[in-house]
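Participant: Sequence and predicted structure below; questions after.
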Amino acid sequence: MLQLKANLLRKESAYEPRTCVVEKVIPMYGRSFEQFRQDLLEDNLCIHKHKDLMYIDPENNVHCLLFVDQNSGDGILVESEGADYARYSQFIPNARAIIQQSEQTQAEQKLHGLFRNIAEQIANDLHDGRTAFCLQDYMEKTDLEELIRGSVRELLDKRADIQQVQDVSLDVPFQPDFQITAKPVQELKFYCPLTIRREPDYDEEYDYSEEYPEISPVAAAGYADTVQKRLETYCSDDGKRGLMEYYDRDKSVSEKVYSAVLSVTVRDGELVGMYTCQVHGELNGMELEELRDYLTGQSSDGAHEGFEQREIRTAEYGNIYVSFWNDSDEWSLLTEEELEQQEMEESMGMGL
């Protein structure tokens, strides 16, 4: 039995839907979608960050965000009209399935149609008296391999990290089907301040109900190699993509950003945190902020969800603990270009 979640309007005389253009899909996890659904008139940080994407164009098309629950697959379409809350919204049942269908290539649609045709032919033969069927008999009537190759090529063509896909198959055994060129890779780095604390000696007079005392990033700079080796050991189970192995939010960011690896380095005499990202092509402004938001979340979660709780043995300070996050207004995650700009502005200010 088919079940739908929907709002039914009493005695509605007619429906005149408007064209809604989904500018961005926002996946939601856990209870976040349920909370959003129940508090649509509350200010929402995601709406605030993307409200420039929501507007009505001269052709009267409504440009929206689509929030999708990754558990149920339902969604909420939002046009905030410049506000930080869902001023206009509509519940969309089975939104995830609608998105997936819209992303199907022509070859995929043909392939799906082929399966339906084969099932229809088998059913017809059943009613003609047959009871046993060999699928290969029906497959021989179609060029299944060509359909699959076309579908794969279309999917590759749509990826944000691929420059060009060429068909080179000559129907020769063991010859490649495609010649693929990836978009050029560039390195993108983010930097953040570190909070380094030392574990007091047991014979030291100290109130253990308080946080461990801090040591300065300048003092910790001499232990950069020690911290880095401990970090590499802790992150040794990560795949080649580093933190991007766990990324499941924006599709274009997932395709463009191949890897994001956490490390420490010394900059201007201070020990700082660094995320090194390998990026195919270039990130637009929205993609850059999405990546920054994801890496900020990784930092606030303890860096790989627990590195800040792992002791690091040093000769001078005993056990130290390194955190890639603090909740002060001074914490930031900046690209190398942004950091250089900030440093230049600070030096100019000091000069004045």
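Facilitator: Now that the structure is in, tell me what you want to look at. Numbering: from 1, shown residues only.

Participant: Identify the single longest helix in the protein, thanks.
Facilitator: helix 106-127 (DSSP state H).

Participant: And it, what's buried?
Facilitator: A107, E108, L111, L114, I118 (16 or more other C-beta atoms under 10 Å). (C-beta placed from N, C-alpha, C; glycine too.)

Participant: quick one, what contacts the third one?
Facilitator: Applying C-beta atoms under 8 Å, 6 or more residues apart in numbering to L111 gives the contacts L147, I148, S151.

Participant: Can you flag the buried ones in those?
Facilitator: Counted by 16+ other C-beta under 10 Å, the contacts of L111 give L147, S151 as buried.

Participant: any chance of the contacts of L111 in TSV, with distance to K11 and pLDDT too?
Facilitator: What follows is the contacts of L111, written out as TSV (distance: C-beta to C-beta, whole Å; pLDDT from 0 to 100):
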residue	distance to K11	pLDDT
L147	48	78
I148	50	80
S151	46	82
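
Participant: Which parts of the chain are helices?
Facilitator: Using DSSP H, the helices found in the chain span residues 32-38, 45-50, 95-102, 106-127, 135-139, 144-158, 217-220, 224-234, 251-256, 285-300, 303-306, 336-351.

Participant: wait, isn't D157 in contact with D167?
Facilitator: No: using C-beta atoms under 8 Å, D157 is not in contact with D167, being 11.1 Å away.

Participant: before we move on, the earlier item: which one of the contacts of L111 sits closest to V266?
Facilitator: S151 (49.6 Å; C-beta to C-beta).

Participant: Leaving out chain neighbours, which residue sits closest to D201?
Facilitator: Once flanking residues are discounted, D201 sits nearest to G318: 6.5 Å by C-beta to C-beta, 6 or more residues apart in numbering.

Participant: check contacts around the one you found.
Facilitator: Counting by C-beta under 8 Å, 6+ apart, G318 touches R198, E199, D201.

Participant: follow-up on the earlier one: which of the helices of the chain comes out lowest on mean pLDDT?
Facilitator: For the helices of the chain, mean pLDDT drops lowest on helix 303-306, to a mean of 72.

Participant: Could you measure from E187 over to A303?
Facilitator: From E187 over to A303 the distance is 20 Å, taken as C-beta to C-beta, to the nearest Å.

Participant: repeat for P58
Facilitator: 47 Å.

Participant: These two: which is more packed in?
Facilitator: A303 (24 against 5; other C-beta atoms under 10 Å).

Participant: Dihedrals phi and psi, the closest residue to that one other than its chain neighbours?
Facilitator: Using C-beta to C-beta, 6+ apart and skipping residues adjacent in sequence, the residue nearest A303 is F324, 4.4 Å away. Dihedral pair for F324: phi -90, psi 20, per degrees, to the nearest 10.

Participant: residues near F324, how many?
Facilitator: Look at F324: counted by other C-beta under 10 Å, it has 28 neighbours.

Participant: Can you verify my assumption that it contacts L262?
Facilitator: Yes: applying C-beta under 8 Å as the test, F324 and L262 come out as touching, 7.3 Å apart.

Participant: tell me, what's touching the two both at once?
Facilitator: With C-beta under 8 Å, 6+ apart as the test, F324 and L262 both reach G273, Q298, A303.

Participant: Now for S259, how many residues are close by?
Facilitator: So S259, with other C-beta under 10 Å, has 17 neighbours.

Participant: Repeat that for the one 3 residues further on.
Facilitator: The criterion is other C-beta under 10 Å. On that basis, L262 has 24 neighbouring residues.

Participant: Next one: it from D268, what distance?
Facilitator: For L262, the distance to D268 - C-beta to C-beta - is 20 Å.

Participant: same question, L291
Facilitator: In terms of C-beta to C-beta, L291 sits 24 Å off from D268.

Participant: out of those two, which sits in the busier spot?
Facilitator: Using other C-beta under 10 Å, the more surrounded residue of L291 and D268 is L291, with 26 against 10.

Participant: That one and C277 touch, don't they?
Facilitator: Yes: here L291 reaches C277: they are 7.0 Å apart, a contact under C-beta under 8 Å.

Participant: Pull up the overlap in contacts between the two.
Facilitator: V257, A260.

Participant: dump the residue contacts of the residue nearest the centre of the chain.
Facilitator: In the chain, the residue lying closest to the centroid (C-alpha atoms, centre = their mean) is R249, at 3.0 Å. R249 sits next to P27, E290, Y294 when contact means C-beta under 8 Å, 6+ apart.

Participant: Kindly report the same for V25.
Facilitator: L65, L66, V68, I99.

Participant: between those, which has the most around it?
Facilitator: The most crowded member of the contacts of V25, judged by other C-beta under 10 Å, is L65 (24 neighbours).
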